[in-house]
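**Student:** Provide a 3D model corresponding to the input given below.
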Amino acid sequence: MPDLKAAHSRKSYLIPIILSVAVIVLCIFFYASGSVPGFLSPFVSKQSEQFTELYFTDYEEMPKFVEVGRSYPVGFTIVNHENRGEAYEYRATAVEGSLATVLETASLYLNNEEKAERQIVFTPSKTGEKSKLVIELVDRNQEITFTMQSIFQ
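**Tutor:** Below is the predicted model:
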């Protein structure tokens, strides 16, 4: 007569093994196909971070000392990582001592993952002053600043 206790014991081990294999096969399928069922998406979907990059394009090439009256081109880059198209307004301001001069204000539209390189020209006018160049994304609380020393040549 068959041993019912041993047969029941073997079945109890088979069920978890079969379920584990089924889960592994489903995971491989979803990973390979790149699709996830709707009820699982909150648990496995990758949510990318939304942000905007703003930086001086050739930061290491920017001069630490500038001559009064000489013009310096300065490049900066805006990169959209907001996961949607975005309109940007930027303002470039030169600050010499207590005098702030707006050099340029402009708007542009960038699609997701698109970047724009812009160039402005800065001409220092005061000797001995620390000059600052400020690029600001208006209404975004984001700016970059570069400080240099004005000298007379």
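
**Student:** just the helices in the protein please.
**Tutor:** Per DSSP state H, the chain carries helices over the ranges 4-33, 41-44.

**Student:** Pick out the shakiest of these, pLDDT-wise.
**Tutor:** When the helices of the chain are compared on mean pLDDT, helix 41-44 scores lowest, with a mean of 55.

**Student:** wouldn't residue 116 be in contact with residue 78 here?
**Tutor:** Yes. Look at residue 116 against residue 78 with CB atoms under 8 Å: they come within range, at 5.1 Å. Glycine gets a C-beta too; all of them are placed from N, C-alpha and C.

**Student:** hey, what's in contact with both of these two?
**Tutor:** Residues touching both residue 116 and residue 78 (CB atoms under 8 Å, 6 or more residues apart in numbering): 88, 108, 110.

**Student:** Break the protein into its domains for me.
**Tutor:** 4-44, 51-151 (automatic domain parsing).

**Student:** would you list these in JSON lines and tack on mean neighbour count?
**Tutor:** Formatted as JSON lines, these follow (neighbours: other CB atoms under 10 Å):
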{"stretch": "domain 4-44", "mean neighbour count": "9"}
{"stretch": "domain 51-151", "mean neighbour count": "14"}
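
**Student:** Can you tell me which of these has the worst average pLDDT?
**Tutor:** domain 4-44 (a mean of 63).

**Student:** Can you tell me how far residue 106 is from residue 17?
**Tutor:** 65 Å (CB to CB, to the nearest Å).

**Student:** ditto for residue 68
**Tutor:** Following CB to CB, the distance that separates residue 68 from residue 17 is 81 Å.

**Student:** now swap in residue 140 and tell me
**Tutor:** Taking CB to CB, one finds residue 140 at 55 Å from residue 17.

**Student:** now swap in residue 62 and tell me
**Tutor:** Distance from residue 62 to residue 17, by CB to CB: 64 Å.

**Student:** can you pull up the bridge partners for residue 136?
**Tutor:** residue 91, residue 143 (DSSP bridges).
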